[in-house]
Structure formats: structure tokens, C-alpha cells
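# Sequence and predicted structure, then a few things I'm wondering about:
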Amino acid sequence: MSTSEPSAVGRRGVLAAAGAALALSPDLAKAADKARRPAPPGFLWGTAISAYQSEGGNTNSDAWLMENIQPSMFKDRSGDACDSYHRYAEDFAIAGGLGLNCYRMGVEWARIEPSEGFFSEAELDHYARVLEACRARGLKPMVTLNHFTTPLWFAKRGGFEVPDAPQLFARYCKKVIERLGPLMDKVTTFNEANIRLLVDLMPGVQSAIPLVKAAIAAAAKATDSPRFSRLAYADPQVVTPIMIEAHRQAYDAIKQARPSLPVGLTLTTQDIQSATDPALVEVYQRRLYGDWVEVARTHADFFGVQTYTRFVVDENGVRPPPKGAELTLSGYEFYPQALANTIRWAHKAIGKPIYVTESGIATHDDARRIAFIDQALDGVRQCLDEGIAVHGYLYWSLLDNFEWTSGYGVPFGLVAVDRQTFKRTPKPSAVHLGRIARANRI
């Protein structure tokens, strides 16, 4: 598949593709053009996406195995995903054409180190072309080195549940930065490093444990590996300290290879509110973040806030969303106000430069996506007015991509993707966010 840009794609083509839909709603157009105050100089406007969820065909990954065994927790197989492995130039043309100036993406460890100790120069060259194409579109690349997936060989030997995992991860990170670091604007190690701590807070997790255990057992049998471990399902008490050490070693390795490259840490940062005792907020924050707050203070140049909703808690755990609340397709309460609260928390608890590295909504109703974006940005503006240094807003996601166990039924994207032809169609929300970004007013 050629990676050359289709001639119709570009700012004019992108706006034409979505303009007709946007024109059907003058109120949306007016909302996009309404007066806002200037954003800080250098503010990053962009989208976030992961390599695995968009590239497709990542057959050497632990996630691919888990999708294709029985029993499986996945509603769909990723398959070709959005074919962004080949169509990345088209994706960048859309993002650049909208007026965005940043693109958060990932590189896939399973492609770069397909077997232990062997690093593919061909795949490193591929990602160099990807980053060059990104920059050519005026997009600053923010690169994630690990977004939940690992090479199959790494999972077979125990993943992040074995003591030498940090050295292996840091070696991979150093190799990537030595080759690709000059093309990056910023880099992060783990996406949502506290993801396992989040999973244990979610309502209903106990009912899923039998299926999780059966799927891991099937993966272990398929790979003849009694130590098979996948990050999303590993014991958080075991993997958390090992991942913390992996981040620290990776941070040091990246700085050794390229001292000037900003290295960040992203966490899942949901807004915790108490329905009863206010002291419970801090209790549940500790459960969600563990020791990662201190790690972010000492081993990160910036912090990525990734917020989708709020969690209302009591003495028994996280409550279901309130009766009658609007729910997104991912089952979250529609609550864009959560973002401002987590920004405030990060500013107070961590004190590093803040980027919103993920904020988004799964919905078929694009008008609600626009409303979510506007209300989330209202919260960012409030935080800026309070003197909190927020340096960017990256919406999840550019494309309707593969959403892990939920498959393709929960569209977060600003751009629809035809599952057969891979045709990209920008939605009105894409043009809406693009107008805000081009004006650099928030």
C-alpha cells in the first residue's frame, strides 16, 4: 500500500469533506467561531492515537494473540484496524488540514524488537518515515513508547511481572530514541501507567475475573509459557513497582541518548468525588495513583492528564453513574467538567507542566461530541484563568479506531473510517475543533 498522500487530501479537501455536514447546523458553526480568549503561546492542539489501535496487522503482539484465542474477552479482532501503518500520510494530512499542530502517536515495540535482542532496522526506518511525514504536515510528534501492548516474546517470559523487565524496556526505549529521537518533539514512556490500578476500581471487575483467568491460561497454553503475562490483566501489586522501575530506567536511558528531549508520564486521571465522607476522595486517589505521583514529580519533565469522566465513591467503592445520567457508548457518565478537576489535582499534586494528552467521548451523536469538547475546553480555560500552566489539549482520537475489548462499536473519532475501504470522512466535530485550533483561542 502506498504511503503517498491522496491528492484530494489537504486543508481544503478536509474542510470540503466535512463542511457540508457542518453547514447543516448554523448553530454549530457559530459556536465554533464565537469569541474566545487567546490560548497561551505555543499551545498544542491535536489528537491522540495508539499504534496498535490504528495500524493493524500487528501479529507479533501479545494483544493480537489474546484477540485470536478462545476464550477471548474481545468483541472484535483488530485485523487491519484503520490501516494507518500504510495510510499514515493521509491521517497527517487530515490533522494538518484541520489546523492542528500536534499529533500524539505510538511506536510498536513488537514491530521494533520482534524477538528478544533483535531490533529491526526496517521498522525503525518505517517509523522514521512516519515521523518525517508528521513533521512535514506541521504537526509536532508526541510519541508514546508503550501503549498497553508488548512483544509476544516479552509476554511469554512474564511481561512486567519479572525482575529484569525494566532493563529490557529501557534498552528498547534507548534504541528507539537513538534512532528516532531527533524527529520527536516530546516522548512518554507508558500510556496510563496506572491502568491496572484503575481496572481494580471499576464496578463489575470481579465478575470478569473467571474469563480473564481462562483467557490468560489459553494464551499460556498456546505459547507453551506458564509465565505468560499481559499488562492489562497482571497483578497490580506485582507489576506496579516493576513498571515504576522500568519508567525510571527508561527516563534515564532516554536522557542519556538525547538530553534535550522532554520525557513525560501519562496517567489515567478520572475525577474522584465522594458521595459521603469527603476524606474518601484522598483514599481513592491513593488507590488510583499509588506511588506514580511521586514518580511523576521526580522522573518526568511534563505530566499528561487523561480524563474521560468522574467516579463518585462511597465506603463500598465506585458507584454506578447516577440514575438518569447521560451515558456514553463506553458506559461513562457524560461529564466533561471532570477535566478541569483533574487538571487542578495534577497541578497541586505533581506540579509539572501539564498537557491534556487524552480527552474524548464515544458516541454516534457528533453534536454531543462537539458539546463535550466545548465543555472540556471551558474547563481548561478556567484552569488557565486560575494560573495553572496547561500547555495543550489533545482529543482522543483522530480516527474511529479499535477500542480494545470493546472492538469497533465505540467510536471516539473526529474522523469516521469505513471498515471495508478505509475511507476517512471528517465529522463536523473535526472541523469544529480545527476552527478553534487555527484561531488559537480557548
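Sure thing, it's come through. Residues are numbered from 1 along each chain as shown.
# so what's Leu265 closest to, chain neighbours aside?
Ala300 (4.1 Å; C-beta to C-beta, 6 or more residues apart in numbering). For glycine as for every other residue, the C-beta is placed from the backbone atoms N, C-alpha and C.
# Gly138 too?
Gly96 (5.3 Å).
# And Ala136, by the same measure?
Nearest non-adjacent residue to Ala136 (C-beta to C-beta, 6+ apart): Phe92, at 7.6 Å.
# can you pull the contacts of the one you found?
When contacts are counted by C-beta atoms under 8 Å, 6 or more residues apart in numbering, Phe92 touches Tyr103, Ala133, Cys134, Ala136, Arg137, Leu139.
# can I have stretch 126-142 written out in PDB, keeping just the CAs?
Taking C-alpha atoms only, stretch 126-142 is exported to PDB below (Å, rounded to 0.1, in the frame of the first residue of the first chain):
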ATOM      1  CA  HIS A 126       9.500   2.900   8.800                       C
ATOM      2  CA  TYR A 127       8.800   4.900  11.900                       C
ATOM      3  CA  ALA A 128      11.400   7.500  10.800                       C
ATOM      4  CA  ARG A 129       9.300   8.000   7.600                       C
ATOM      5  CA  VAL A 130       6.200   8.300   9.800                       C
ATOM      6  CA  LEU A 131       7.700  11.000  12.000                       C
ATOM      7  CA  GLU A 132       9.100  12.800   9.000                       C
ATOM      8  CA  ALA A 133       5.700  12.800   7.400                       C
ATOM      9  CA  CYS A 134       4.100  14.100  10.600                       C
ATOM     10  CA  ARG A 135       6.500  17.000  10.800                       C
ATOM     11  CA  ALA A 136       6.100  17.800   7.200                       C
ATOM     12  CA  ARG A 137       2.400  18.500   7.900                       C
ATOM     13  CA  GLY A 138       3.300  21.000  10.600                       C
ATOM     14  CA  LEU A 139       2.400  18.500  13.400                       C
ATOM     15  CA  LYS A 140       4.700  18.200  16.400                       C
ATOM     16  CA  PRO A 141       5.100  14.500  17.200                       C
ATOM     17  CA  MET A 142       4.500  13.400  20.800                       C
END
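# Give me the helix or strand of this protein that scores worst on average pLDDT.
helix 11-23 (a mean of 47; mean pLDDT, DSSP states H and E).
# ok, Val415 - how many residues close by?
By the criterion of other C-beta atoms under 10 Å, Val415 has 27 neighbours.
# ok, now how distant is it from Leu329?
17 Å (C-beta to C-beta, to the nearest Å).
# do you know how far Asn58 is from Thr307?
27 Å.
# between these two, which one's more packed in?
Legend: neighbour count by other C-beta under 10 Å for Asn58 and Thr307, higher for Thr307 (28 against 20).
# In contact with the more buried one, which residues?
Thr269, Gln270, Asp271, Ala338, Leu339, Thr342, Val356, Glu358, Ser359.
# Now, those residues that are in helices?
Ala338, Leu339, Thr342 (DSSP state H).
# Of these, which is the nearest to Ala349?
Of all these, Ala349 sits closest to Thr342, with 10.0 Å by C-beta to C-beta.
# hey, where'd the helices end up in the stretch 101-250 of the chain?
109-112, 121-136, 152-156, 165-180, 195-201, 205-223, 236-257 (DSSP state H, counting those that start in this stretch).
# helices and strands around the first one, which ones?
The contact analysis (3 or more C-beta pairs under 8 Å, 6 or more residues apart in numbering; DSSP states H and E) places helix 109-112 against helix 121-136, helix 165-180.
# same check, this time on the longest one
Helix 236-257 makes packing contacts with helix 165-180, strand 186-190, helix 195-201, strand 263-268, helix 292-298 when contacts are defined by 3+ C-beta pairs under 8 Å, 6+ apart.
# With mean neighbour count and mean pLDDT as added columns, please give the ones you listed in CSV.
Formatted as CSV, the helices and strands packed on helix 236-257 follow (neighbours: other C-beta atoms under 10 Å; pLDDT from 0 to 100):
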stretch, mean neighbour count, mean pLDDT
helix 165-180, 20, 98
strand 186-190, 25, 98
helix 195-201, 18, 94
strand 263-268, 25, 98
helix 292-298, 17, 98
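# contacts for stretch 109-128?
So stretch 109-128 is contacted by 58, 60-62, 85, 107-108, 145-146, 149-154, 157, 168, 172, 175-176, 179-180, 183 (C-beta under 8 Å, 6+ apart).
# I'd like the distance from it to the chain centre, please.
Distance of stretch 109-128 from its chain centroid, counting by C-alpha atoms, centre = their mean, to the nearest Å, is 21 Å.
# please renumber so the chain begins at 41
All set: I'll call the first residue 41, so the last point we hit is now stretch 149-168.
# how near is the residue nearest to Gly178 to Lys467?
17 Å.
# and what of Asp317?
42 Å.
# isn't Ala470 right up against Val455?
Yes - using C-beta atoms under 8 Å, Ala470 is in contact with Val455, at 5.8 Å.
# How about Val278, nearest residue that isn't a chain neighbour?
Of all residues not flanking Val278 in the chain, Glu201 sits nearest, at 5.0 Å (C-beta to C-beta, 6+ apart).
# ah, wrong one, I meant Ala173
Ala173 sits nearest to Ala129 (C-beta to C-beta, 6+ apart), 5.0 Å away.
# Remind me which helix or strand the residue nearest to Ala176 belongs to.
helix 124-138 (DSSP states H and E).
# Next, the angle helix 161-176 makes with that helix.
10 degrees (axes from the mean of the first three to the mean of the last three C-alpha atoms, to 10 degrees).
# Centre of the chain to helix 124-138, how far?
Distance, stretch centre to chain centre, for helix 124-138: 17 Å (C-alpha atoms, centre = their mean).
# Stretch 388-397 now?
For stretch 388-397, the distance to the chain centre is 16 Å (C-alpha atoms, centre = their mean).
# In that stretch, which residues are buried?
By neighbour count on 16 or more other C-beta atoms under 10 Å, the buried set for stretch 388-397 is Ala389, Ile390, Lys392, Pro393, Ile394, Tyr395, Val396, Thr397.
# for the residues you listed, which one is nearest Asp292?
So of these, ranked by how close each gets to Asp292 (C-beta to C-beta), first place is Lys392, at 17.2 Å.
# Just confirm the closest one is within a strand.
No - using DSSP: H, G, I helix; E, B strand; the rest coil, the assignment for Lys392 is coil, not a strand.
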